[in-house]
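Q: Curious how this folds, go ahead:
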Amino acid sequence: MPTQPRNAAGETCARTRCWARDKKSADGRIPKLTTGQEWLVDASGCLPGSLKDAAALAALFEALIVVLDLKVVGQPQWHVFPEPGGITGLTLLAESHLGIHTFPEHGFAALNVYCCRERQRPDFEALLARHLGATSCVVRELKRGVTA
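A: Okay, here's the model as predicted:
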């Protein structure tokens, strides 16, 4: 069995079940290692001012952290590009990460949320409408894992 990953504080991810091992796969023979889920969200029709505002993006991240019951490890990082560019942001989590890239000149944001254990899908449409003024969201969910 693989060694469990540890966060910056040296804690294992056992509490969050980062590496949950199923006894058998659907065919009954192949072990499966599930490593969580990832959401890729394309938000369009966003307010350009919100896409240039690190505080607005931080509020969106905080809302996702609360809704998904996530644990932040370290300080969020924000890179602000020169005009007309947007912001790239990243928050490291015990469960993995939150990332966003904004394109204010197009009213667009690309959000990435990866959790190492399964959670209920948040209402991305409502969150992005409230925090960024998004009028349209395309959400793709990926189940992550390894089949040996």
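Q: what's the span of stretch 70-87, first residue to last?
A: 22 Å (C-alpha to C-alpha, to the nearest Å).
Q: Now do it: distance to the chain's middle.
A: 13 Å (C-alpha atoms, centre = their mean, to the nearest Å).
Q: Quick check: buried residues in it?
A: By 16 or more other C-beta atoms under 10 Å, the buried positions in stretch 70-87 come out as L70, V73, P76, W78, G86, I87. Where C-beta positions appear, they are placed from N, C-alpha and C, glycine not excepted.
Q: go on, stretch 37-50?
A: Here stretch 37-50 shows Q37, E38, W39, V41, A43, C46, L47, P48, S50 as buried, counting by 16+ other C-beta under 10 Å.
Q: okay, which residue is most central for this protein?
A: With distances taken as C-alpha atoms, centre = their mean, V113 lies nearest the centre of the chain, 1.3 Å away.
Q: out of everything not next to it in sequence, what's closest to it?
A: Nearest residue to V113, sequence neighbours excluded (C-beta to C-beta, 6 or more residues apart in numbering): W39, at 4.6 Å.
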